[in-house]
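Participant: turn this into a structure:
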Amino acid sequence: MKKEFTLEIHSDNNFSVLNRIVNVLNRRRVRIKKLIAHENEDDFRRGIAVILLLTTPDLMEKVKFQVEKLIEVEKATYCEGCDLFFELNEKNNKQVA
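Facilitator: From the prediction side, this is the model:
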């Protein structure tokens, strides 16, 4: 049964990284519900992407490992539910304002 997962990805801030991550998700037929990407405050060469996905738990594990194989990706973590996504979204909005 499909559930919502929040995937947090720390990577280099290159223009093609986000495209590669989305391609991995599209190849696995994972539905992207929401996506936030921004620079790291301390280092403009690093970036963070937070993605809200709708998929099965076993497919989520496979996607995580496949995303971590990308050269630019430092680490990828996920958790079940959308609470982390909205928490990180609120934190990011406060920093911008």
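Participant: then stretch 30-42 to PDB, C-alphas only?
Facilitator: The C-alpha coordinates for stretch 30-42 follow below in PDB (Å, rounded to 0.1, in the frame of the first residue of the first chain):
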ATOM      1  CA  VAL A  30       7.400   7.400  -7.800                       C
ATOM      2  CA  ARG A  31       4.900  10.200  -7.500                       C
ATOM      3  CA  ILE A  32       6.400  13.500  -6.400                       C
ATOM      4  CA  LYS A  33       3.800  15.500  -4.400                       C
ATOM      5  CA  LYS A  34       6.000  18.400  -3.300                       C
ATOM      6  CA  LEU A  35       9.600  19.500  -3.700                       C
ATOM      7  CA  ILE A  36      11.700  22.200  -2.000                       C
ATOM      8  CA  ALA A  37      15.300  22.900  -2.900                       C
ATOM      9  CA  HIS A  38      17.600  25.500  -1.500                       C
ATOM     10  CA  GLU A  39      21.200  26.400  -0.800                       C
ATOM     11  CA  ASN A  40      22.900  25.700   2.400                       C
ATOM     12  CA  GLU A  41      23.300  28.800   4.500                       C
ATOM     13  CA  ASP A  42      26.900  28.300   5.400                       C
END
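Participant: okay, now the sheet partners of the helix or strand containing residue 53, with direction.
Facilitator: Using DSSP states H and E, residue 53 sits within strand 46-55. Each strand paired with strand 46-55, and its direction, by DSSP bridges: strand 3-12 (antiparallel), strand 31-39 (antiparallel).
Participant: pull out the buried positions in the first one.
Facilitator: When you say that, I think you mean strand 3-12. Using 16 or more other C-beta atoms under 10 Å as the test for burial, strand 3-12 gives 4-9, 11. Quick note: C-beta positions are derived from backbone N, CA and C, even for glycine.
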